[in-house]
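Peer 1: Below are the sequence and a predicted model for it; my questions follow.
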Amino acid sequence: ICRDEIFGFLGHNGAGKTTTISLMSGELPLDGGEIKYNLSEQTLCVGNGQNQAIRQRIGVCPQHDILFGDLSCRETLRLFAKLKGGLQTNPGETTSQAVERQVEKSIRQVKFTSPGDEDKPVKTFSGGMRRKVSIAIAML
């Protein structure tokens, strides 16, 4: 998988999609073998005490949206960005500025239908729009 490439797992029930993601994130221990992430600055390996660093680089979009209806999309993304942590800051940039930069990037990437959608309460969104919010969360 190349840098900035997005991929997904597709398969029937019981095919191992969730298990694979759980192994990749270090949520489940490996019985054998290894999973390596060859990043430009380092290689991380699941199970070698590097699971937290790996989790900060993986985004998962669950089957069911986990959203707070009264929050706007922008507020939701801010919340999840702060919960996830580990955002890279540019020189001279505060953590809050890094959060805002990443939130704006995620909003641009999912391409909402109308300008201003990102500031409306999530509970007013259609199912497809809610899915876009979940995808934006995964891309943080």
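Peer 2: Sure thing, it's come through. Numbering: from 1, shown residues only.
Peer 1: need the helix or strand of the chain with the lowest average pLDDT.
Peer 2: One helix or strand of the chain scores below all others by mean pLDDT, DSSP states H and E: strand 43-45, with a mean of 65.
Peer 1: Name the residues of the longest helix seen in the chain that come out as buried.
Peer 2: Ranked by residue count and defined by DSSP state H, the top helix of the chain is helix 95-110. Neighbour counts over helix 95-110 (16 or more other CB atoms under 10 Å) mark 99-103, 106-107, 110 as buried. C-betas here are computed from N, CA, C, even on glycine.
Peer 1: cool, stretch 10-24 as well?
Peer 2: Residues 23-24 are the ones in stretch 10-24 that count as buried (16+ other CB under 10 Å).
Peer 1: next one: that stretch to chain centre, how far?
Peer 2: The chain centroid and the centroid of stretch 10-24 are separated by 17 Å under CA atoms, centre = their mean, to the nearest Å.
Peer 1: Stretch 108-117 now?
Peer 2: Here stretch 108-117 shows a centroid-to-chain-centroid distance of 18 Å under the convention CA atoms, centre = their mean.
Peer 1: Would you map the helices across the chain?
Peer 2: Using DSSP H, helices in the chain cover 17-25, 51-55, 73-84, 95-110, 127-138.
Peer 1: JSON lines for those, including mean pLDDT and distance to I66?
Peer 2: Listed next are those as JSON lines, based on pLDDT from 0 to 100; distance: least, CB to CB, whole Å:
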{"stretch": "helix 17-25", "mean pLDDT": "85", "distance to I66": "15"}
{"stretch": "helix 51-55", "mean pLDDT": "70", "distance to I66": "16"}
{"stretch": "helix 73-84", "mean pLDDT": "93", "distance to I66": "9"}
{"stretch": "helix 95-110", "mean pLDDT": "93", "distance to I66": "16"}
{"stretch": "helix 127-138", "mean pLDDT": "93", "distance to I66": "7"}
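Peer 1: Please produce CSV containing those, extended by distance to L10.
Peer 2: Listed next are these as CSV, based on distance: least, CB to CB, whole Å:
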stretch, distance to L10
helix 17-25, 8
helix 51-55, 22
helix 73-84, 24
helix 95-110, 20
helix 127-138, 15
